[in-house]
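**Q** this one's sequence-less:
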């Protein structure tokens, strides 16, 4: 499967970055290391200005995948007891704008974000606000990974695979 993801990026270029980022985020509670392929592609290109476009496309694809996860939470809402729904509604009212910030932080970090997104869907959180926060966060983490990948490539040389792996580890640690 990983070979197909790598091929997808190299065959379709920027569209492949979007697709791989989407596929890496659409399946709830699964870990597909899509950033390795995105960084490997970005490092192979080597142009820091193009990295911005790659980060935005990766962020859009990843956020769209997470919207599907949020919608799974919306579907789960139908089977939640009424008493629980009232409690969730109260929580959303109390949380207010901090939910947007929480989504952004979870999206921009290696935290397991589905544990937040599915309950938010069940609570009826706005898909538009969710998508906006997720795009910002996923673009940030993708750009950080690309930035570290570029730096690692300068240090270790031409190995874009090694640079991608090391940059992903650095992004997680930092």
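**A** The structure has been received and is ready for your questions. Note that this is a predicted model, so its numbers are computed, not measured.

**Q** which of the helices or strands spans the most far-flung residue of the chain relative to its centre?
**A** In the chain, residue 83 marks the outermost C-alpha relative to the chain mean, sitting 32.5 Å out by CA atoms, centre = their mean. Here residue 83, judged by DSSP states H and E, is contained in helix 82-95.

**Q** now that helix: how far from the chain's centre is it?
**A** Counting by CA atoms, centre = their mean, to the nearest Å, helix 82-95 is centred 27 Å from the centre of its parent chain.

**Q** what lies in contact with it?
**A** Counting by CB atoms under 8 Å, 6 or more residues apart in numbering, helix 82-95 makes contact with 77, 80, 99, 102, 119, 122-125, all of which sit outside it. (C-beta placed from N, C-alpha, C; glycine too.)

**Q** any regions of this structure where pLDDT drops low?
**A** Scanning the chain for pLDDT under 70 picks out 1-3, 158-168, 170-174.

**Q** kindly recompute the last result at 90.
**A** The chain contains residues with pLDDT under 90 at 1-13, 29-33, 36-37, 39-49, 76-97, 110-112, 123, 147-174.

**Q** got the residue ranges for the helices in this protein?
**A** Counting by DSSP state H, the chain has helices at residues 2-12, 14-26, 34-45, 48-76, 82-95, 98-107, 114-122, 127-156, 160-173.

**Q** what's the fourth one packed up against?
**A** Read it as helix 48-76. Here helix 48-76 touches helix 14-26, helix 34-45, helix 98-107, helix 114-122, helix 127-156, going by 3 or more CB pairs under 8 Å, 6 or more residues apart in numbering; DSSP states H and E.

**Q** pick the most buried one from these.
**A** Most buried of the helices and strands packed on helix 48-76, by mean neighbour count (mean count of other CB atoms under 10 Å): helix 34-45, with a mean of 25.

**Q** which strands or helices does it pack on?
**A** Other helices and strands packing on helix 34-45, by 3+ CB pairs under 8 Å, 6+ apart, are helix 2-12, helix 14-26, helix 48-76, helix 127-156, helix 160-173.
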